[in-house]
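S.K.: give me a 3D structure for the following:
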Amino acid sequence: MRDKFVFAGIFALGVGILGASYLNLMSANADTSVPEDHSGPVMVISVEGEASGDIRIALRDDLAPNHVERIVTLAERGDYDGVVFHRVIDGFMAQTGDVEHGQADGNRRMWGTGGSDMPNLAAEFSDQSFERGVIGMARSQHPDSANSQFFIMFAPAPHLDGQYTVVGQMIDGYDVLDAIKRGTGGNGAVMGTPDRMTQVTIEH
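M.R.: Numbers count the residues shown, from 1 in each chain. Just a heads-up that it's a prediction; the model follows:
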């Protein structure tokens, strides 16, 4: 548990310092294309709050089969339903997926500190760049500590390349992504009522 609290501080510090500068340096409208031969599962996230609608994500089991399998398992069990976007940094990313503590009616001090009831995953780093719409797995300091949490990029962030596992790329729903309620301060913690994933489903 201590490692998870450490992660919350370190990851937030890095994104808070670097996120805004990368928004200014790179185009936030340069979406990464999903490979034409993609045949993996598609995750559909229904979002409610300041944002309302669906985000569709091509899960890249060609890049990270074990991480994608984990996401599919949690989604099909309904574990992601009702989980909030607890950390959202404008010009950088929106983080969610804490199935242990991330329910909207849970203890907000615990949001972002949990995982799932399954073990952590060994890193599956790739040469896929963290462009706008890319989905990465959150982790603590140790590379092999990703579990259930993930983040969606608002803008390119090449400083993450090779440091976090890429698990997917958005197909559509950028208007929904861009409307997600932003957090405040250096760590992007969302105050008041955060947006949430009301339902997460998988299309095979």
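S.K.: wait, T165 touches A64, no?
M.R.: Yes - between T165 and A64 there is a contact at 5.0 Å, judged by C-beta atoms under 8 Å. Yep, even glycine has a C-beta here, placed from its N, CA and C like the rest.
S.K.: and for the two, which residues touch both?
M.R.: Here T165 and A64 share the contacting residues E124, S126, M137, scored by C-beta atoms under 8 Å, 6 or more residues apart in numbering.
S.K.: how far away is the nearest residue to H204 once chain neighbours are set aside from V68?
M.R.: Computed as C-beta to C-beta, 6 or more residues apart in numbering, the closest residue to H204 that is not its neighbour in sequence is P41, at 5.3 Å. Using C-beta to C-beta, to the nearest Å, P41 is found at 7 Å from V68.
S.K.: before we move on, what about R182?
M.R.: Counting by C-beta to C-beta, the gap from R182 to V68 is 28 Å.
S.K.: okay, the two: which has more neighbours?
M.R.: Ranked by neighbour count (other C-beta atoms under 10 Å), R182 and V68 place V68 first, with 23 against 18.
S.K.: regarding that one, what is its secondary structure?
M.R.: Under the three-state scheme (DSSP: H, G, I helix; E, B strand; the rest coil), V68 adopts helix.
S.K.: now it. Nearest residue, chain neighbours left out?
M.R.: The shortest distance from V68 to any non-neighbouring residue, by C-beta to C-beta, 6+ apart, is to D61 (4.2 Å).
S.K.: need the pLDDT of that neighbour.
M.R.: Confidence at D61, expressed as pLDDT, is 97.
S.K.: with V34 instead?
M.R.: Note on V34: pLDDT of 87.
S.K.: and what of the one 5 residues further on?
M.R.: pLDDT recorded at S39 is 86.
S.K.: next: E124.
M.R.: Turning to E124, the model gives it a pLDDT of 98.
S.K.: what about it, neighbour count?
M.R.: Neighbour count for E124, taken as other C-beta under 10 Å: 19.
S.K.: can you pull the contacts of the residue sitting nearest the centre point of the chain?
M.R.: For the chain, the residue nearest the mean C-alpha position is F151 (1.5 Å; C-alpha atoms, centre = their mean). Contacts for F151 (C-beta under 8 Å, 6+ apart) come out as R87, M93, A94, Q95, T96, I135, G136, A138.
S.K.: out of these, which is nearest to I171?
M.R.: The nearest member of those to I171, counting by C-beta to C-beta, is I135 at 11.1 Å.
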